[in-house]
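>>> Give the three-dimensional model of this entry:
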Amino acid sequence: MSATLTRQDLAEAVYAQVGLSRNESADLVDRVLEEVSARLVRGEVVKLSSFGTFAVRSKGGRIGRNPKTGEEVPISPRRVLVFRASHVLKAQINEGMAAKHVNKTTGDDK
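So this is what the prediction gives:
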């Protein structure tokens, strides 16, 4: 089963843990995401301690190939968003995977 974390889920978590109203929580989440987006649009790096780093990189133009026809097609230069997870986040993810593996082999449900 694959769950997706949404903006609404984040706002609900802020509401439950911080004690702001639901509207204030949703506004806070929106403002944080808008600030992150604005910084990335300006080409700045966004580093969230213990989480990871978002950055925009420029990719040059090149010649690609249509896999169906084999025809060469030009690919325009563009900017792409990249994310590099912090060591802390990577460790948390790997610990979670290890716990799931242990639960599956022992039959425990967590």
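>>> which residues touch the closest residue to residue 62 other than its chain neighbours?
Spatial nearest neighbour of residue 62, excluding adjacent residues (C-beta to C-beta, 6 or more residues apart in numbering): residue 75 at 5.2 Å. (Each C-beta comes from the backbone N, C-alpha and C, glycine too.) Applying C-beta atoms under 8 Å, 6 or more residues apart in numbering to residue 75 gives the contacts 61, 62, 63, 64.
>>> So which of these sit within helices?
Using DSSP state H, no member of these sits in helices.
>>> List only those of those flagged as buried.
Buried by 16 or more other C-beta atoms under 10 Å: nothing, out of the contacts of residue 75.
>>> Out of those, which is nearest to residue 85?
The nearest member of the contacts of residue 75 to residue 85, counting by C-beta to C-beta, is residue 62 at 27.4 Å.
>>> Distance check, the closest one against residue 78.
Separation of residue 62 from residue 78 (C-beta to C-beta, to the nearest Å): 10 Å.
>>> Quickly find the element holding the most centrally placed residue in the chain.
For the chain, the residue nearest the mean C-alpha position is residue 83 (7.0 Å; C-alpha atoms, centre = their mean). Following DSSP states H and E, one finds residue 83 within strand 78-85.
>>> tell me what that strand is packed against?
In terms of contacts (3 or more C-beta pairs under 8 Å, 6 or more residues apart in numbering; DSSP states H and E), strand 78-85 is packed against strand 52-59.
>>> In the contacts of residue 75, find the pair that's most separated.
61 and 64 (9.9 Å).
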